[in-house]
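> Here is the input, now give the coordinates:
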Amino acid sequence: MASAKVSFQNIAIKYGLLVGVAHIVYFLVMRVLGLTDIVELSYLSGIFLIIGIVIAISKFKRLNNGLIKYFDGLGIGLITAFTSSLIIALFLVLYVTVLDKTYLEALSASSLFPEGLSVLSMFWIAVAHGTWPGFIIGFIAMQWFKSPEHTMPNQV
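Okay, the predicted model is just below:
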């Protein structure tokens, strides 16, 4: 594949969709095992986000002949996280409005969410809460993936 046709946005969206599906599968497994009442366990799905972002950055760098711009890596982290968060947020809206209307009440009873949690606020909390770590994960991952010319001034 020619490097001119490689878009960090396309790679980030692809891996964001995969991570979003992984979040949904993890949620459904938790549901089958009866663990959805333990809201804190949902934070373990962050591992999927870390893996997705690292693989996406690695693939983008490989497709660009080993070169990656620092801000492209940050963008990959942010877009991957936003896409996956949007997928799980849309799924949760469907889940609480069609499949299990009591789950929203359980979230509202949790100390991690506000009382009287609405479907809309749950959606936006899921998107925001899933997106901001992507920037941080992208920033951390770029410490390993950045190109050699990204050095500190006066560094030998």
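
> Leaving out chain neighbours, which residue sits closest to the most centrally placed residue in the chain?
Centrality entry for the chain: nearest residue to the mean C-alpha point is residue 81, 2.9 Å, by C-alpha atoms, centre = their mean. Using C-beta to C-beta, 6 or more residues apart in numbering and skipping residues adjacent in sequence, the residue nearest residue 81 is residue 134, 2.2 Å away. C-beta here means a position set from N, CA and C on the backbone, and glycine is covered the same way.

> Starting from the strand or helix carrying residue 20, tell me the next helix or strand along the chain.
Per DSSP states H and E, residue 20 falls inside helix 8-32. Next helix or strand after helix 8-32 toward the C-terminus (DSSP H and E): helix 46-63.

> Show the average pLDDT along that following helix.
Across helix 46-63, the average pLDDT comes to 91.

> And that helix, what does it pack against?
Under the contact criterion of 3 or more C-beta pairs under 8 Å, 6 or more residues apart in numbering; DSSP states H and E, helix 46-63 touches helix 8-32, helix 70-94, helix 119-145.

> Could you check how far the residue nearest to residue 81 is from residue 126?
Distance of residue 134 to residue 126, computed by C-beta to C-beta, to the nearest Å: 13 Å.

> Those two - which one has more neighbours?
Higher neighbour count among residue 134 and residue 126: residue 134, with 28 against 21, using other C-beta atoms under 10 Å.

> so the more buried one makes contact with residue 48?
No: the criterion here is C-beta atoms under 8 Å, and residue 134 misses it with residue 48 at 11.8 Å.

> Okay, buried residues for the helix or strand containing residue 105 please.
Remark: residue 105 resides in helix 102-109, with elements defined by DSSP H and E. Neighbour counts using 16 or more other C-beta atoms under 10 Å place 103, 104, 107 of helix 102-109 among the buried residues.

> And stretch 26-46, what's buried?
For stretch 26-46, by 16+ other C-beta under 10 Å, it's 26, 27, 30, 36, 39, 42, 45.

> whoops, I mixed them up, stretch 57-65
Across stretch 57-65, burial judged by 16+ other C-beta under 10 Å covers 57, 58, 59, 60, 61, 63, 64.
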